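In: next one to model:
(2 chains)
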Amino acid sequence: MRSRQAIALLALVGLFVALYLWLHALGFGGAIKCGASGGCETVQTSPWAVFLGLPVAFYGVVGYLAILVVAIVALRPAALSQPRWSKWLVLLATVGFGFTLYLTYLELFVIQAICRWCIGSAVIITLIWIVSLFSLRSPATRIDPGASQPLRGPPA
Amino acid sequence: MNRFYMTVGVLAVVLGIGVFALLKTGGASAPAAAAGAPPTVVDDSFRGYTLGQENAPVEIVEYLDFECPVCATFATIQMPTITEQLINTGKARWRFRDYPLPIHKYSRFAAHAAQCAGAQGRYFAMQEQLFSHHQWAQTGKDPSSLFRDLAQAAGVDLKAYDACMEAGRYAGRIEYSRQEGDQRVVDGTPTFFANGKKLFPNLRRLPNSDDFKTIVDSIIAHTPAKPAARPARR
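Out: Predicted coordinates:
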């Protein structure tokens, strides 16, 4: 449960990071807040800031939102003992982590500029990926040995 | 569990306020010519300022955004070599088209300043000023006053420049160029075309002068030679 909560909180932070970059890509606000290096502008205005016709940040918004929704759904009492939700989280986090590796490669070796917001997002998705892998290995819920089990029918 | 959902809610509100504040404080108020796309598109048959001979065998079209740092880097680092090796030798003609990205608050304004300078025959001087003093693109501050100084340094008559900027005379032309870029699937700046063909769709780095030399030489090698003409700027 703790791991799913951690994933939900991380995804929420990542969602707002991606949301800021996406809104900026759509023309809201002025110059991006990125320190004096100007790396964010370089990355955001490069040809690689658009993927399949949409700003890369848009995919971040969709990805983090998906992870957040799945993590919240997986925290329902009925879903806590179901490992399939952990598998969904691992799947989503792995896709996000893979995409982030590609984007970080572009930043370092192609565009040759570092965007602090992108690095922040990369750290968040990496943490989500690691936590999701741990959640796969550990049980999703703790069973209190002292708790009584409900009766399933009248005694024979 | 309830405490967790409360934490999520509070965090969402805090982050939402943070994003709103970041967007709100991102820049000063935009001058008239920079405030988004103009309502009308004007095709005045202008197709960009060109550098090089009219009959050069290769025409490179560059879609640029004046606020884009990569465009500034390309203009200040690669273009001098390209001018020397390809344009001055008559191999290529360079055509500059505006593609102001919506991400940039003042790129349309800068493009307009360059066009107003161009109306006085000082487009290239103004372009050089805008790219070589590119710090303006990092501050987020209204560059109106700075652009006047740059225009003056470029040899532009400020009275005519002010009237041109005030009227937004070339806003429709710039928008036409941007929409033309959209139709040609310009997906970032700078984007280049050589004799109508989009360049570097799969290049995994930013192009340099050697890349253009290779392309231009390759096109020329497969094109019948034309008589030379004197260099022209218009």
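
In: for the lengthiest helix in chain B, which positions count as buried?
Out: The residue-count maximum for a helix in chain B (DSSP state H) belongs to helix B:2-24. Across helix B:2-24, burial judged by 16 or more other Cβ atoms under 10 Å in any protein chain shown covers B:4, B:8, B:15, B:19, B:22-23. Heads up, the C-betas are built off the backbone N, CA and C, glycines and all.

In: state the mean pLDDT of that helix.
Out: Average pLDDT, helix B:2-24: 88.

In: picking that back up, put together TSV for the buried residues of helix B:2-24, with distance to chain A on each row.
Out: TSV is the format used below for these (distance: Cβ to the nearest Cβ, whole Å):
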residue	distance to chain A
B:Phe4	5
B:Val8	6
B:Leu15	4
B:Val19	5
B:Leu22	5
B:Leu23	3
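
In: can you map out the strands along chain B?
Out: Applying DSSP state E to chain B gives strands spanning B:49-51, B:58-64, B:92-98, B:191-194, B:197-198.

In: likewise chain A?
Out: Counting by DSSP E, the strands of chain A are A:50-51, A:54-55.

In: is chain A within reach of the worst-scoring helix or strand of chain B on mean pLDDT?
Out: None of the helices or strands of chain B scores lower by mean pLDDT, DSSP states H and E than helix B:136-139, at a mean of 81. Yes - legend: contact between helix B:136-139 and chain A by Cβ under 8 Å from any Cβ of the partner chain is shown at B:137-139.

In: of the residues you listed, buried ones?
Out: Buried among the residues of helix B:136-139 next to chain A (16+ other Cβ under 10 Å): B:137-138.

In: out of the residues of helix B:136-139 next to chain A, which is nearest to A:Leu92?
Out: Using Cβ to Cβ, B:Gln138 comes nearest to A:Leu92 of the residues of helix B:136-139 next to chain A, at 35.7 Å.

In: that closest one and A:Tyr20, how far apart?
Out: Here the criterion is Cβ to Cβ, to the nearest Å. By it, B:Gln138 lies 18 Å from A:Tyr20.

In: over to B:Ala56?
Out: Counting by Cβ to Cβ, the gap from B:Ala56 to A:Tyr20 is 45 Å.

In: now do residue 37, the pLDDT please.
Out: This is for chain A. 57.

In: that's the wrong chain, I meant chain B
Out: 52.

In: and for the one 5 residues further on?
Out: B:Val42 is assigned a predicted lDDT (pLDDT) of 75.

In: what of B:Arg169?
Out: So B:Arg169 comes in at 88 (pLDDT).

In: repeat for B:Arg204
Out: On the pLDDT scale, B:Arg204 gets 62.

In: just B:Arg234 next, same as before
Out: For B:Arg234, pLDDT reads 59.

In: do B:Asp142 as well
Out: For B:Asp142, pLDDT reads 82.

In: got phi/psi on it?
Out: phi -60, psi 120 (degrees, to the nearest 10).

In: mean confidence score for stretch A:48-61?
Out: 85.

In: out of the strands of chain B, which gets nearest to A:Val73?
Out: Of all the strands of chain B, strand B:191-194 comes closest under Cβ to Cβ, at 42.1 Å.

In: that closest one near chain A anywhere?
Out: Yes - Strand B:191-194 comes into contact with chain A (Cβ under 8 Å from any Cβ), by way of B:Thr191.

In: quick check: residues of chain B near chain A?
Out: Near chain A, when you scan chain B using Cβ under 8 Å from any Cβ, you find B:1, B:4, B:7-8, B:11-12, B:15-16, B:18-19, B:22-28, B:36, B:65, B:67-71, B:101-105, B:137-140, B:187-189, B:191, B:204-206.

In: where does the prediction get shaky in chain B?
Out: Counting by pLDDT under 70, the ranges of chain B that qualify are B:1, B:25-39, B:204-205, B:224-234.

In: the residue nearest to A:Ile7 when sequence neighbours are not counted - how many residues pack around it?
Out: The shortest distance from A:Ile7 to any non-neighbouring residue, by Cβ to Cβ, 6 or more residues apart in numbering or on different chains, is to A:Ala71 (4.5 Å). Using other Cβ atoms under 10 Å in any protein chain shown, A:Ala71 has 29 neighbouring residues.

In: next one: the one 3 residues further on
Out: Applying other Cβ under 10 Å, we find 24 other residues in the vicinity of A:Ala74.

In: show me the contacts for B:Ile82.
Out: By Cβ atoms under 8 Å, 6 or more residues apart in numbering or on different chains, the contact set of B:Ile82 is B:92, B:94, B:209, B:212-213.

In: widest-spaced pair of the residues you listed?
Out: B:Trp94 and B:Lys213 (13.4 Å).

In: what about the two, which has more around it?
Out: B:Trp94 (22 against 16).

In: for B:Phe96, list each beta-bridge partner.
Out: For B:Phe96, the beta-bridge partners are B:Tyr49, B:Glu62 (DSSP bridges).
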